[in-house]
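[1] Any chance you could fold what I've pasted below:
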Amino acid sequence: MDINILLALQDFRNGSGAFLAGFLSKMTWLGELNTVLVIMALIYWCVSKDFGAYFLMGWSGNRLVNGLLKVTFCVYRPWIRDARIIPYGDSITTATGYSFPSGHTMNAATVYGGGAVRRDIPRALRAVLGLLVLLVAFSRNYLGVHTPQDVLTGIVAGTLVMALTMKLMQWVKAHPEKDLLVVCIGVGLAILVAVYAGVKP
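    Below you'll find the predicted structure:
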């Protein structure tokens, strides 16, 4: 089913002269690792340290969850699963590792979805941020580098992590003496995921 959707998108992309591909390539760029890191740094240094710390903590959690799911399920990329899938242009160069879930989508869920779930941000801006998450996710399908299940899982998991991060940040703010404990737990979880990835067949 998911491969058939990608094949239909590929047929449309090829038949339409790829007029949407340029725009969606720019959307996929918004979910790249370096892009979201720069955005988070700018938010931290130029807008709000609280917001910046929230995004960075959420992004760290999303990277852990993404890595854990990738090495657990070991889902191959669409063009490996079906040779009829031909990714658009050079989009394959940023599609590394396993396919499920989409790392670009989870990156987008961190910065844009992380803003969309906050009620202290104006509603119109939250709607735009939510739309950006959907566009980044769809771009991964349209370019042929992820299946719908990859990006849907990325949206759900990434947004859930950000919602939990928001609760965690509120708890830490109410209990500032526990901040070191939170850091230690985060480092411990990162070590456990790294060990799991190293020993799992």
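
[2] Is it correct that G114 is in contact with G58?
    Yes. Here G114 reaches G58: they are 5.2 Å apart, a contact under Cβ atoms under 8 Å. To be clear about C-beta, it is placed using only N, CA and C from the backbone, and glycine gets the same treatment.

[3] Common neighbours of the two, please.
    Taking Cβ atoms under 8 Å, 6 or more residues apart in numbering as the contact criterion, the common neighbours of G114 and G58 are M162, T165, M166.

[4] Which ones among the residues you listed lie within helices?
    Mapping these onto helices (DSSP state H) picks out M162, T165, M166.

[5] What residues does the second one make contact with?
    Each residue near T165 by Cβ under 8 Å, 6+ apart is listed here: Y54, M57, G58, G61, G114.

[6] Any stretches of the protein with poor pLDDT?
    Screening the chain residue by residue with the criterion pLDDT under 70, one finds no matching range.

[7] then the helix or strand where A41 lies to PDB, C-alphas only?
    Following DSSP states H and E, one finds A41 within helix 33-42. Taking Å, rounded to 0.1, in the frame of the first residue of the first chain, the C-alpha atoms of helix 33-42 are listed here in PDB:
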ATOM      1  CA  LEU A  33      19.600  18.400  10.800                       C
ATOM      2  CA  ASN A  34      21.800  21.400  10.200                       C
ATOM      3  CA  THR A  35      18.700  23.600   9.500                       C
ATOM      4  CA  VAL A  36      16.900  22.800  12.700                       C
ATOM      5  CA  LEU A  37      20.100  23.100  14.700                       C
ATOM      6  CA  VAL A  38      20.700  26.600  13.300                       C
ATOM      7  CA  ILE A  39      17.100  27.600  14.000                       C
ATOM      8  CA  MET A  40      17.300  26.300  17.600                       C
ATOM      9  CA  ALA A  41      20.500  28.200  18.200                       C
ATOM     10  CA  LEU A  42      19.000  31.400  16.800                       C
END
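
[8] contacts for that helix?
    When contacts are defined by Cβ under 8 Å, 6+ apart, helix 33-42 is touched by residues W29, L30, G52, F55, L56, W59, G103, N107, A108, T110, V111.

[9] what's near enough to touch the second one?
    Taking Cβ under 8 Å, 6+ apart, we find L30 in contact with V36, A108, Y112, L132, L135, V136.

[10] Show the contacting residues for the nearest residue to L134 once chain neighbours are set aside.
    Distance criterion Cβ to Cβ, 6 or more residues apart in numbering; nearest residue to L134, sequence neighbours excluded, is I155 at 7.6 Å. Contacts of I155 were listed using Cβ under 8 Å, 6+ apart, and they are T105, A109, G113, V133, L134, A137.

[11] No further queries at this time; thank you.
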